[in-house]
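*Asks:* One predicted model, sequence on top.
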Amino acid sequence: MTDMQATDTSAKPRYALSYGLRLDKGTASELTHPRVSILLPDGSVGSMTLHVMNGTADEIKSQLLDSIDAFFDIYADVYADVSSSTICD
């Protein structure tokens with residue numbers, strides 16, 4: 001048994017975060033941002049922009065974590081129940 005109380009998550013809004021990752025040798029253009037179609041949780045079709053990051057594995061990881069933090073900062077009002085403390089460093 002633990003001394004932590006269970007959190008009631010039924011009252012919190014639920015979200016789906018769509019993402020894809022691929023690490024290739026070499027570099028790619030960071031200027032083009034292709035869009036891909038995705039099937040949304042409600043069954044409708046949406047689109048999402050793909051982004052490219054170049055650098056060493058450590059540089060890309062740092063850029064990606066910064067981008068994730070920025071994403072949740074930008075949508076802080078919409079996703080008020082998601083805090084940056086839930087993102088692993």
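*Replies:* Here it is on my side, so go on. Residues are numbered from 1 along each chain as shown.
*Asks:* OK, contacts around G55?
*Replies:* Q63 (Cβ atoms under 8 Å, 6 or more residues apart in numbering). Quick note: C-beta positions are derived from backbone N, CA and C, even for glycine.
*Asks:* which SS class is it?
*Replies:* The assignment at G55 comes out as coil when based on DSSP: H, G, I helix; E, B strand; the rest coil.
*Asks:* and K61, helix, strand or coil?
*Replies:* Strictly by three-state DSSP, K61 counts as helix.
*Asks:* What confidence value was assigned to it?
*Replies:* Looking at K61, its pLDDT is 93.
*Asks:* Report the buried residues of stretch 46-66.
*Replies:* By neighbour count with 16 or more other Cβ atoms under 10 Å, stretch 46-66 contains the buried residues M53.
*Asks:* what separates that stretch from the chain centre, distance-wise?
*Replies:* 10 Å (Cα atoms, centre = their mean, to the nearest Å).
*Asks:* got it, and stretch 53-69?
*Replies:* 12 Å.
*Asks:* again with stretch 61-80
*Replies:* Distance, centroid of stretch 61-80 to centroid of chain: 7 Å (Cα atoms, centre = their mean).
*Asks:* With stretch 26-39 instead?
*Replies:* Counting by Cα atoms, centre = their mean, stretch 26-39 comes out at 15 Å from the chain centroid.
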